[in-house]
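Participant: next come a sequence and a model predicted from it.
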Amino acid sequence: MAVTVEESVDVAIVGAGPCGLAAAISMLRAGLSCVVFDGGSVTSTITAYPTYVNFFSTAEKLAIGGLPFIIGGDKPGRRDALAYYRSAVSYFGIPVRQFEKVTEVTGASGDLVVHSLRRGGDIRTTRARFVVIATGYFGSPNRLGVPGETLEHVAHIYKEGHEAFDQDAVVVGGGNSAAEAALDLWRAGARVTLVHFGPDFDMKIKPWILPDVQNRIKEGNIAVRWNSRVRAITTHDVTIDTQGVSSTLPADRVYVMTGFAPNVDLLRQVGVTIDPKSGVPSHDDATLETDVPGIFIAGVVVAGFDANKVFIENGRFHGDRILAHILGHAAPAEPRLSADLDS
């Protein structure tokens, strides 16, 4: 195993999602040197999205660095976004180290050392004055904690319904991901049952999804078990509890669409305080600097467990706030979200 020491940079950014890339653009435009690390590919979270998914936001709300995001329709899809963010990396010359996982950060503000693991097992160390952690959500799904959840036919990330054709599929959850998965599975020829602990779908379902899934339920094409919790999963079925009454559902495929928790392992390693109830890392709202000097956060990790608080729409501007603090300038104003403008 080799250890390589790299030259110093002003800012090291952990996470090559849209918010991490946007932060890198802010730094580069200000003349600061930076490097972006990611344990996967560029925008690996979007890569893991279902193949059919369309964003809630319009294209211009997902654009970074002022680079136009042009599509032929209303809402961009997964492939549109992947192509756009690849273009952004090339256009702005963002130095991204893909498939290079950051394992720890040592040192102190002004002289931090980023330790990263490259494919093949080689270790690389990079010095940085500041570190921005934009690690996102997708690495840590919210688990049910029931027997059988680790069986091979159980998935926490949904790609497409083809594999469930002519099979019994159980979808767990009541948000956008669960509703979209249930619809896609039904259209792929699966026999679908949706299980949710609440009495109805969650709030803020995409407006073009809700009537579609509600109508499929009314028609009997998608079965639903409200006020129900999964108690166990076996190779061929799922046991649920519906207000004290136990029942069993046939299940060749199980999709646990219960969301993700913020990935804060690296923040904990660095010593940042994480609120146990909210999951929010301790930080200054104006500057996004954590309680460890020189360590900043950007993107959805800022919101903790509240996944409806930070999106690409507003997280793409976090780099500007961090840069303002580094340069000693006043923080820019918070942008408004599409959901706020529509209400």
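Facilitator: The structure has been received and is ready for your questions. Keep in mind that this is a model prediction, so the values were computed, not measured.

Participant: residue ranges in this protein under the pLDDT threshold?
Facilitator: 1-5, 138-139, 335-343 (pLDDT under 70).

Participant: what helix or strand is Val102 on?
Facilitator: strand 100-108 (DSSP states H and E).

Participant: what is that strand packed up against?
Facilitator: In terms of contacts (3 or more C-beta pairs under 8 Å, 6 or more residues apart in numbering; DSSP states H and E), strand 100-108 is packed against strand 34-37, strand 111-118, strand 123-133, helix 265-270. C-beta: built from backbone N, CA, C; applies to glycine.

Participant: list the buried residues for the longest helix seen in the chain?
Facilitator: Assignment by DSSP state H gives helix 78-92 as the longest helix of the chain. For helix 78-92, a neighbour-count test (16 or more other C-beta atoms under 10 Å) marks 78, 80-82, 84-85, 88-89, 92 as buried.

Participant: quick one, the strand or helix carrying Leu28 and helix 78-92 angle?
Facilitator: Under the criterion DSSP H and E, the helix or strand holding Leu28 is helix 18-29. Relative orientation of helix 18-29 and helix 78-92, computed by axes from the mean of the first three to the mean of the last three C-alpha atoms, to 10 degrees: 20 degrees.

Participant: ok, and for helix 18-29, which residues are buried?
Facilitator: Buried, per 16+ other C-beta under 10 Å, within helix 18-29: 18-28.

Participant: closest to Gly72 out of those residues?
Facilitator: Among those, Pro18 lies closest to Gly72 (C-beta to C-beta), at 20.7 Å.

Participant: and that closest one, how far from Arg29?
Facilitator: To Arg29, Pro18 is 16 Å away according to C-beta to C-beta, to the nearest Å.

Participant: mind listing the helices for this protein?
Facilitator: Using DSSP H, helices in the chain cover 18-29, 44-47, 59-62, 78-92, 176-187, 210-218, 265-270, 312-315, 318-327, 338-342.

Participant: and Leu210, how many neighbours?
Facilitator: 14 (other C-beta atoms under 10 Å).

Participant: ok, the nearest residue to it once chain neighbours are set aside - contacts?
Facilitator: Closest residue to Leu210 apart from its sequence neighbours, by C-beta to C-beta, 6 or more residues apart in numbering: Phe201 at 6.6 Å. If you count contacts by C-beta atoms under 8 Å, 6 or more residues apart in numbering, Phe201 has them with 174-175, 179, 210, 213.

Participant: among those, which one has the most neighbours?
Facilitator: Going by other C-beta under 10 Å, Ala179 tops the contacts of Phe201 with 27 neighbours.

Participant: how far away is the residue lying closest to that residue once chain neighbours are set aside from Phe305?
Facilitator: Nearest non-adjacent residue to Ala179, counting by C-beta to C-beta, 6+ apart: Val213, 4.6 Å away. Val213 sits 25 Å away from Phe305, taking C-beta to C-beta as the criterion.

Participant: who are the contact partners of the residue sitting nearest the centre point of the chain?
Facilitator: The chain has Tyr137 as the residue nearest its centroid, 3.8 Å off, counting by C-alpha atoms, centre = their mean. Residues counted as contacts of Tyr137 (C-beta under 8 Å, 6+ apart) are 45, 259-263, 300-301, 307.

Participant: quick one: buried ones out of those?
Facilitator: Counted by 16+ other C-beta under 10 Å, the contacts of Tyr137 give 45, 259-260, 262-263, 300-301, 307 as buried.

Participant: most widely separated two among these?
Facilitator: So, the buried ones among the contacts of Tyr137 by C-beta to C-beta: farthest apart are Gly259 and Val301, at 14.3 Å.

Participant: follow-up on the earlier one: so which of the helices and strands packed on strand 100-108 is the most surrounded?
Facilitator: strand 34-37 (a mean of 24; mean count of other C-beta atoms under 10 Å).

Participant: name the residue most distant from the centre of this protein?
Facilitator: Val245 (34.9 Å).

Participant: please name the bridge partners of it.
Facilitator: For Val245, the beta-bridge partners are Thr242 (DSSP bridges).

Participant: what's near enough to touch Leu82?
Facilitator: 43, 46-47.

Participant: go again using 10 Å as the cut-off
Facilitator: 41-43, 46-47, 49, 76 (C-beta atoms under 10 Å, 6 or more residues apart in numbering).

Participant: separation between the residue farthest from the centre of the chain and Leu28?
Facilitator: 59 Å.

Participant: again, but for Ile70
Facilitator: Per C-beta to C-beta, Ile70 is found 23 Å from Leu28.

Participant: what do you get for Ala164?
Facilitator: Applying C-beta to C-beta to Ala164 and Leu28 gives a distance of 44 Å.

Participant: before we move on, what about Val238?
Facilitator: 49 Å.

Participant: number of nearby residues for the residue nearest to Ala23 when sequence neighbours are not counted?
Facilitator: In this structure, Ala23 finds its nearest non-sequential neighbour in Gly319, 2.9 Å apart by C-beta to C-beta, 6+ apart. Using other C-beta under 10 Å, Gly319 has 31 neighbouring residues.

Participant: circling back to that earlier point, now, which of the contacts of Phe201 sits nearest Phe37?
Facilitator: Nearest to Phe37 among the contacts of Phe201, with distances taken as C-beta to C-beta, is Gly175, at 29.9 Å.

Participant: no further questions, thank you.
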